[in-house]
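In: Need coordinates for the below:
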Amino acid sequence: MKPLLTVEQLVMRFGGITAIDGLSLEVPRGRITAVIGPNGAGKTTLFNCITGFYRPSAGRIVLHTAEGEQELTRLQGHRIAREARIVRTFQNIRLFAGMTVLENLLVAQHRELQRAARFSLAGLLHTPGYRRAQQAALERARRWLAELGLTQYADLPAGALPYGTQRRVEIARALCTEPQLLCLDEPAAGLNPKESAELNALLLRLRDAHHLTLLFIEHDMNVVMNVSDHVVVMNFGRKIAEGAPQHVQHDPEVIAAYLGAAEDAEEEKPDVEVGNA
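Out: Numbers count the residues shown, from 1 in each chain. Got it, this is the predicted structure:
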């Protein structure tokens, strides 16, 4: 089966700095792929290229669908979420703090509502077509609230919720767009052990029950090792390892990148495990 997404010889330069240097990788369809690496490895730059925040200096990013190949590097950035249905969350939560949780999920569906409203006329007249679209948006929002255990918070201001709950609201909001690929930027950042365990269960449920393809950046190796089907390891903008979590965990080059070990010492300590980084 073809992967959902392929990155081919990607290069991203900022002036004289090369943040990504000839990176190639695959995101398997219906699986969870983690991108890991030390700080400054280029992980967030990769996400920004995939989701259209940056236009790469060279290389291709290709989405493989039933209709054929779609080269994301040829799309304007704002069209990637709409046309390719690739959406993301951010390391720093970006909810509308003053809006309710339900309103945050409805905002994520504004394009469909705008289209149904014919950019205000049908909405002002409250036509049957607009009412149907509005009801569908509400039902979709409530379904994801229930799925993520957030129904009791629907009418509360998003900014008043505990940090871990806000993380789940952000994921629920992204899911309301019905993504083909959901990109999560450090979803476990700031979570306590109980919240991290709940996140693990959620990601696995999204994969298994909803057949969703997930790509995430993470420093918490407990999350990476417990939920990932596929791991890509980056260092200095390059891929240094790729494969199953158990494989990359014991890769000497990965251990060296995380622990700063000299190459000649790696052969003496092949069983060192990569810990939290």
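In: Geometric centre of the protein: which residue is closest?
Out: C183 (1.2 Å; CA atoms, centre = their mean).
In: Per-residue pLDDT of that one, please?
Out: C183 carries a pLDDT value of 97.
In: Surely it is in contact with F90?
Out: No: C183 lies out of contact with F90 (CB atoms under 8 Å); the separation is 9.8 Å. Any C-beta I mention is one placed from the backbone N, CA and C, and that applies to glycine too.
In: coming back round to it: hey, what's the residue nearest to the centre of the chain bridged with?
Out: R88, L215 (DSSP bridges).
In: can you confirm R140 is in a helix?
Out: Yes: according to DSSP: H, G, I helix; E, B strand; the rest coil, R140 belongs to a helix.
In: how much space between the nearest residue to it once chain neighbours are set aside and S228?
Out: In this structure, R140 finds its nearest non-sequential neighbour in C176, 5.6 Å apart by CB to CB, 6 or more residues apart in numbering. Going from C176 to S228 by CB to CB, to the nearest Å gives 25 Å.
In: Please apply the same query to T6.
Out: Distance of T6 to S228, computed by CB to CB: 18 Å.
In: If you count surrounding residues, which of these two has more?
Out: S228 (22 against 16; other CB atoms under 10 Å).
In: which residues touch that one?
Out: Residues in contact with S228 (CB atoms under 8 Å, 6 or more residues apart in numbering) are 32-34, 245.
In: Just these: which are in helices?
Out: P245 (DSSP state H).
In: For the residue nearest to the centre of the chain, list the residues it contacts.
Out: C183 neighbours (CB under 8 Å, 6+ apart): 47, 50-51, 86-89, 214-216.
In: how about those in JSON lines, adding neighbour count?
Out: Formatted as JSON lines, the contacts of C183 follow (neighbours: other CB atoms under 10 Å):
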{"residue": "F47", "neighbour count": "22"}
{"residue": "I50", "neighbour count": "25"}
{"residue": "T51", "neighbour count": "21"}
{"residue": "I86", "neighbour count": "26"}
{"residue": "V87", "neighbour count": "22"}
{"residue": "R88", "neighbour count": "23"}
{"residue": "T89", "neighbour count": "19"}
{"residue": "L214", "neighbour count": "23"}
{"residue": "L215", "neighbour count": "27"}
{"residue": "F216", "neighbour count": "26"}
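In: and which of those residues is nearest to Q109?
Out: Ranked by distance to Q109 (CB to CB), these are led by V87 at 11.9 Å.
In: If I follow the layout properly, that closest one ends up in contact with A172?
Out: No: in this structure, V87 is not within contact of A172 by CB under 8 Å, at 11.9 Å.
In: Show me what counts as buried in the host helix or strand of D21.
Out: Following DSSP states H and E, the helix or strand that holds D21 is strand 17-27. Buried residues in strand 17-27, counting neighbours by 16 or more other CB atoms under 10 Å, are found at 18-21, 23, 25-27.
In: So, low pLDDT: which residues of the stretch 51-200 of the chain?
Out: 112-130 (pLDDT under 70).
In: again, only this time at 90
Out: For the stretch 51-200 of the chain, the stretches with pLDDT under 90 are 65-67, 73-79, 81-83, 90-92, 94, 108-134.
In: can you pull out the helices in the stretch 51-200 of the chain?
Out: Counting by DSSP state H, counting those that start in this stretch, one finds helices in the stretch 51-200 of the chain at the ranges 77-79, 101-107, 110-116, 121-125, 128-147, 163-175, 193-210.
In: Report the rounded mean pLDDT for stretch 237-257.
Out: On average, stretch 237-257 scores 92.
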